[in-house]
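Student: Sequence and computational prediction follow.
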Amino acid sequence: MSTGTVTPTTDEQSLEAENLRSRRGFRMPRLLGSATDITLILILIVVVFAVLDFQSFFTVQNFTQILINAALLLVMAVGATFVLITGGVDLSVGSVLVFSGVIAGKVMELFGSAGWGASLAGIAAALVAGTAWGIVNGLVITKLHVPPLIATLGSYGAAQGLAQIITNGNDLKNVPIELVDSIGFGRVFGIPILVIIALVVAAIGGLVLWATRYGRRTYAVGSNAEAARRAGINVDRHLLKVYAFAGMLAGLAGILSFAKFGTTTLAGHATDNLNVIAAVVIGGTSLFGGVGTMIGTVVGTLIPATLANGLVIVGLNSFWRDFAVGVVLVAAVYLDQLRRRSRSPR
Amino acid sequence: MTTTPLLEAREVTKRFGAVEALRGASFQIFPGEVVALMGDNGAGKSTLIKTICGVNSPDGGEVRFEGRSIAGWHPKAVQALGIETVYQDLALAPDLDTPANLFLGRERLKPGILGALGVLAKKSMRAEASQVLKDLSVKIKDETAPISNLSGGQQQSVAVARAVSWADKLVIMDEPTAALGVPQTQAVLALIDRVRDSGRSVVLISHSLPDVMQVADRIEVLRLGRRVAQLVTRETNEEQIVGAMTGAWTQEVAA
């Protein structure tokens, strides 16, 4: 049989077809992957504001302020990046943040709401409370087969409700001064600890996603869950871990928020979930799963924060932020669709 | 026959409720052989294959691999014997690149503490993936591109390459060319030839008579849940095969 002659021609033909297709289709520079366009948009936004009011906008202090404002969302967005890459969604984050803050507050009350002992107990309590909600989400999704949208919409309501039942609707305000001085307003080498924590979380999340088997399997599950299952990956257990991780980060955001604002902000996080999803999607993570980067999520979190900050500085109403973020969000998803359309049909 | 079969199913029966999918089906494949498993829709091909790979457990009869009974084993245990299956619907992760798909579920970790932290040995996997593809003469334009950017034929080649690289002994392919064009089909058939050349066996489930005539050493035909013919490709013709599939011609009542 003439395998030797048949194969090269067919392969060359299909290679040629491939080249043609990719030349016509979308081609992304490698470095930032799917986050390239959106990084350019962030740079453009920064340039525009810098041109409009260089002295107020383009300063280290102002950039630090932007990072502080973005820190809480970024911590939650890191978890949401994993969730969205699996093809899921987590609407419960803002409520879990509030719930975890309330639990932390209650636990710290037991320690007199003062001293490092109380602070550490509060941090631990917030992480445990957040993780617990994540596990609940994961179990409802994998064991009861409730779609993530509904499962986490349920815990969005339930966590918020429980937080209000526990506090009787009154915000807890007793934060140990140690916590406020460190996490809340502390700085190391001039960089706010809040920002350092958020960036470290993002860096660890990014490394896990990019370099580890856990990250690889997160993409695999979101890309084709059935293929992952057939390849011997325990898809349910992986999803459970991803939602638990996202819950834990919402818990972390809970104690960070408590330390930053000095209150459990019961009513302040109702739209966090949508802001987080918007940030992650703007950053190039696909709602359909299988695609996304942590760099993209960092950029996607900074765009709304930069817009909010810059618009106020140039004297526009900050309501314009919501409008601008809406436009950027739709544009980001449109780009994702273009990318998907450029795929081969099979 | 001179040797013992690599894999043998004897008188396998399987019911799903009122439906008798396998009514004493038999099948044999020897080392280094490409055997086509043919039959009309509903003849029981897929059920028989699923019973062999452990997805179903048989109600009766025997499945032996290298003389050892494997009927009712867990799919993972069957895989560990060196048997891999290529499914009709590919079972690839479209957003992952070629090496990631080849190592899907079997990711290799770095040695030492990084490995303990779950860090992937990407370089080593990439190198081995390239080697596997080279050995099988599969040309992928860009191995670091998501698999969805490849043509259907190249995707199928990756699916086959994955099965081949993990199967030490037997590759089972369920309609591997069903959705492919002519050149892509030829590439997959050439790949099957190379698997045989490496000493491994291939079970090819196919409806395509030309494919089967081109690549199979033998043909086993199922009809209504039972084997009705064992043919040597060189000594048969399309008419006889179609006759066996439709019931116009029967070689054996039971194996």
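Tutor: That came through, no problem. Numbers count the residues shown, from 1 in each chain, chains lettered A, B, ... in the order given.
Student: Now residue B:10: phi and psi?
Tutor: Dihedral angles of residue B:10 (phi, psi; degrees, to the nearest 10) stand at phi -130, psi 120.
Student: roughly how far apart are residue A:191 and residue A:128?
Tutor: Distance check for residue A:191 against residue A:128: by Cβ to Cβ, to the nearest Å, it reads 28 Å. All C-beta atoms are positioned from the backbone trio N, CA, C, and that covers glycine.
Student: again with residue A:336
Tutor: 35 Å.
Student: out of those two, which sits in the busier spot?
Tutor: Ranked by neighbour count (other Cβ atoms under 10 Å in any protein chain shown), residue A:336 and residue A:128 place residue A:336 first, with 19 against 16.
Student: How about the backbone phi and psi for that one?
Tutor: When read as degrees, to the nearest 10, the backbone of residue A:336 gives phi -60, psi -40.
Student: ok, so what distance separates it from residue B:140?
Tutor: Taking Cβ to Cβ, one finds residue A:336 at 25 Å from residue B:140.
Student: and the closest residue in space to residue A:132 that isn't next to it in sequence, how many neighbours?
Tutor: With Cβ to Cβ, 6 or more residues apart in numbering or on different chains as the measure, residue A:247 is the residue that lies nearest to residue A:132, at 7.1 Å, once sequence neighbours are left out. Residue neighbour count, defined by other Cβ under 10 Å, stands at 33 for residue A:247.
Student: which other helices and strands contact the strand or helix carrying residue A:247?
Tutor: Per DSSP states H and E, residue A:247 falls inside helix A:235-261. For helix A:235-261, the packing partners by 3 or more Cβ pairs under 8 Å, 6 or more residues apart in numbering or on different chains; DSSP states H and E come out as helix A:60-85, helix A:93-110, helix A:115-142, helix A:177-179, helix A:193-211, helix A:213-223, helix A:225-230.
Student: And the average pLDDT for it is what?
Tutor: For helix A:235-261, mean pLDDT is 96.
Student: for the stretch 151-255 of chain B, which spans come out with low pLDDT?
Tutor: The stretch 151-255 of chain B contains residues with pLDDT under 70 at B:252-255.
Student: ok, which residues in it are in contact with chain A?
Tutor: B:151-155, B:179, B:183-184, B:186-187, B:190, B:193-194, B:214 (Cβ under 8 Å from any Cβ of the partner chain).
Student: what's the closest of those residues to residue B:94?
Tutor: Using Cβ to Cβ, residue B:155 comes nearest to residue B:94 of these, at 8.3 Å.
Student: next structured bit after the helix or strand hosting that closest one?
Tutor: Element membership of residue B:155, judged by DSSP H and E, is helix B:152-166. The element immediately downstream of helix B:152-166 (helix or strand, assigned by DSSP H and E) is strand B:170-174.
Student: Enumerate every residue touching whatever residue of chain A ends up closest to chain B.
Tutor: Per Cβ to the nearest Cβ, residue A:231 is where chain A lies closest to chain B, at 3.0 Å. Shown in contact with residue A:231 (Cβ atoms under 8 Å, 6 or more residues apart in numbering or on different chains): A:220, B:91, B:104, B:105, B:106.
Student: likewise residue B:158?
Tutor: Listed by Cβ under 8 Å, 6+ apart, the contact partners of residue B:158 are B:92, B:98, B:101, B:102, B:138, B:140, B:147, B:150.
Student: Weed out the non-buried ones from the contacts of residue A:231.
Tutor: By neighbour count, with 16 or more other Cβ atoms under 10 Å in any protein chain shown, these hold A:220, B:91, B:104, B:105 as buried.
Student: Make a markdown table from those residues and add pLDDT and distance to residue A:269 to it.
Tutor: Listed next are those as a markdown table, based on pLDDT from 0 to 100; distance: Cβ to Cβ, whole Å:
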| residue | pLDDT | distance to residue A:269 |
| --- | --- | --- |
| A:220 | 96 | 32 |
| B:91 | 80 | 41 |
| B:104 | 91 | 38 |
| B:105 | 88 | 38 |
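Student: For residue 64, the count of nearby residues, please.
Tutor: Chain wasn't specified; assuming chain A. Using other Cβ under 10 Å: residue A:64 sits among 15 other residues.
Student: You answered for a different chain; I wanted chain B.
Tutor: 17.
Student: Show me which positions of the host helix or strand of it end up buried.
Tutor: Per DSSP H and E: residue B:64 is located in strand B:60-65. Buried residues in strand B:60-65, counted by 16+ other Cβ under 10 Å: B:61, B:63, B:64, B:65.
Student: Ok, stretch B:85-97 next?
Tutor: Quick answer for stretch B:85-97 (16+ other Cβ under 10 Å): B:85, B:86, B:87, B:90, B:91, B:92, B:93, B:94, B:95, B:96, B:97.
Student: Give me the residues contacting it.
Tutor: Contact with stretch B:85-97 is made by A:216, A:219-220, A:222-224, A:226-228, A:230-231, A:289-291, A:343, B:49, B:53, B:100-101, B:104, B:143-148, B:155-156, B:158-160, B:162-163, B:171-176, B:178, as judged by Cβ under 8 Å, 6+ apart.
Student: Get me the contact residues on the stretch 101-250 of chain A for chain B.
Tutor: A:208, A:211-214, A:216-217, A:219-220, A:222-224, A:226-228, A:230-233.
Student: Now list the buried members of those residues.
Tutor: A:208, A:211-214, A:216-217, A:219-220, A:222-224, A:227-228, A:230-231, A:233.
Student: Go through stretch A:109-120 and flag the buried ones.
Tutor: Those buried within stretch A:109-120 under the rule 16+ other Cβ under 10 Å are A:111, A:113, A:118, A:119.
Student: how near is the second one to residue A:258?
Tutor: For residue A:113, the distance to residue A:258 equals 11 Å [Cβ to Cβ].
Student: okay, and the common contacts of the two?
Tutor: Counting by Cβ under 8 Å, 6+ apart, the common neighbours of residue A:113 and residue A:258 are A:105, A:175.
Student: List the buried residues in stretch B:162-177.
Tutor: Quick answer for stretch B:162-177 (16+ other Cβ under 10 Å): B:162-167, B:169-177.
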